[in-house]
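Visitor: Okay, here's the prediction I keep looking at, along with the sequence it came from:
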Amino acid sequence: MSEQKKKLWEQALGPTLRLKETASRPLVRIRECELVVLDGPDKGRRFRLQGAVVRVGKGEDNDVALSDEAVSRTHLVIEDREEGYLLKDLGSTNGSFVNGVQTREAVLEPGATVVLGKTTLTFQPKQTTFNVLPSAGTSYVDLIGP
């Protein structure tokens, strides 16, 4: 940007305030998780859970589509909530089991075993944390807002 343009901006808006870099930077946490098939027709498959609500069942329109005939078309959902991942059985024919206990609703702990039909899954959450780095730019004079 030319010196003349900078002077015009300073006249219109006042001098540029330079902010000091602080020692602490904001942390960004990314939660993600997988369902890993331990046993059943889809043994060895891994499903990455993405989105606030993940549908699991044998229907092809599910986020996690299993080939197990003992699984209902839309068997259960897993909701990503502030307190953790919540599994909800949707009234399936054969039920949903978390750590060996039949349940309609349960918060999934890391390593939890989920059984639906003849399929055994394990719940594997991951959390990545990283610092937000400051911008390399020193001036945003050409930036114009709404």
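Guide: Perfect, thanks for sending it.

Visitor: what's around residue 93, how many residues?
Guide: The local packing of residue 93 (other Cβ atoms under 10 Å) involves 10 other residues. In this view, the C-beta of every residue, glycine as well, is placed from N, C-alpha and C.

Visitor: residue contacts, it?
Guide: Taking Cβ atoms under 8 Å, 6 or more residues apart in numbering as the definition of contact, the neighbours of residue 93 are residue 72.

Visitor: do you know how far it is from residue 75?
Guide: From residue 93 over to residue 75 the distance is 9 Å, taken as Cβ to Cβ, to the nearest Å.

Visitor: just the strands in the chain please.
Guide: Counting by DSSP state E, residue ranges of the strands within the chain are 27-39, 46-49, 53-57, 64-65, 76-81, 84-89, 96-98, 101-103, 105-108, 113-116, 119-131.

Visitor: could I get those as CSV with mean neighbour count, mean pLDDT and distance to residue 6?
Guide: Putting the strands of the chain into CSV (neighbours: other Cβ atoms under 10 Å; pLDDT from 0 to 100; distance: least, Cβ to Cβ, whole Å) gives the following:
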stretch, mean neighbour count, mean pLDDT, distance to residue 6
strand 27-39, 14, 82, 33
strand 46-49, 16, 93, 48
strand 53-57, 21, 97, 50
strand 64-65, 19, 97, 55
strand 76-81, 18, 95, 47
strand 84-89, 18, 95, 51
strand 96-98, 20, 98, 62
strand 101-103, 12, 97, 64
strand 105-108, 16, 96, 56
strand 113-116, 21, 98, 61
strand 119-131, 15, 83, 31
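
Visitor: Nearest to residue 3, out of these?
Guide: In this view, these are compared for proximity to residue 3 by Cβ to Cβ, and strand 119-131 is the closest at 35.1 Å.

Visitor: Just want to check the distance between residue 90 and residue 65.
Guide: From residue 90 to residue 65 the distance is 15 Å (Cβ to Cβ).
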